[in-house]
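Novice: Predicted model follows, preceded by the sequence.
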Amino acid sequence: MTSSAKPDARWLVECGEWPTLEAQRAAARSLLSRLLGGEVSVAHDSRGAPYLPDRPGLFVSLSHCRRAVAAAVSPERRVGIDVESRRRVSDSLVERVCNPDELALVRASADPTMAFLRLWTRKEAVLKCRGTGIRGFSSMQSALADADCQILDIDCASPDVVVSLAL
């Protein structure tokens, strides 16, 4: 488990194995409960972003994949967290998500899959922080260039898992 804090944000990341979407979601909610010191009720707005009806002044973000889950909270500003584990990535997805400079970096990397997933987590964290989420691949291409937030790469216990946080 990775846990850390900045003055206005806290987050937890846990690596493991959650084979179903339901198990992944439950594990991410469990991390959020641990961050907040007790059970929480999570709802989702019309764009799918999580919020806590019982704690309206607290910003939250959740992410999950088959091999990791993550949660972030801030009492002061929007947060976005994203986690991805190594998986097969099609060339067409890489081309739709990356701008030309990013595409060149991914292709030149010693590990193109993980380089792409690192870019993906950064972009998705930014879009979650904005409160928009992914709205088509055009938003993904420009997400980092248009970022008006701080982006942190979070170290994880697994070399096959990448995590990014946007504040």
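Specialist: Yes, it's here. Numbers count the residues shown, from 1 in each chain.

Novice: tell me which strands and helices the lengthiest helix in the chain is in contact with?
Specialist: Secondary structure of the chain per DSSP state H: the longest helix is helix 112-130. In terms of contacts (3 or more Cβ pairs under 8 Å, 6 or more residues apart in numbering; DSSP states H and E), helix 112-130 is packed against strand 59-65, strand 80-85, helix 91-97, helix 100-108, helix 137-142, strand 151-154, strand 161-166. To be clear about C-beta, it is placed using only N, CA and C from the backbone, and glycine gets the same treatment.

Novice: Of those, which is nearest residue 9?
Specialist: Among these, the nearest to residue 9 by Cβ to Cβ is strand 161-166 (7.4 Å).

Novice: Pairing partners for the closest one, with directions?
Specialist: strand 80-85 (antiparallel), strand 151-154 (antiparallel) (DSSP bridges).

Novice: if we can go back for a sec, now the longest helix of the chain: buried residues?
Specialist: 114-130 (16 or more other Cβ atoms under 10 Å).

Novice: The helices and strands packed on helix 112-130 into JSON lines, with extra columns for mean neighbour count and mean pLDDT?
Specialist: Listed next are those as JSON lines, based on neighbours: other Cβ atoms under 10 Å; pLDDT from 0 to 100:
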{"stretch": "strand 59-65", "mean neighbour count": "23", "mean pLDDT": "94"}
{"stretch": "strand 80-85", "mean neighbour count": "26", "mean pLDDT": "96"}
{"stretch": "helix 91-97", "mean neighbour count": "14", "mean pLDDT": "92"}
{"stretch": "helix 100-108", "mean neighbour count": "14", "mean pLDDT": "95"}
{"stretch": "helix 137-142", "mean neighbour count": "15", "mean pLDDT": "67"}
{"stretch": "strand 151-154", "mean neighbour count": "18", "mean pLDDT": "92"}
{"stretch": "strand 161-166", "mean neighbour count": "27", "mean pLDDT": "95"}
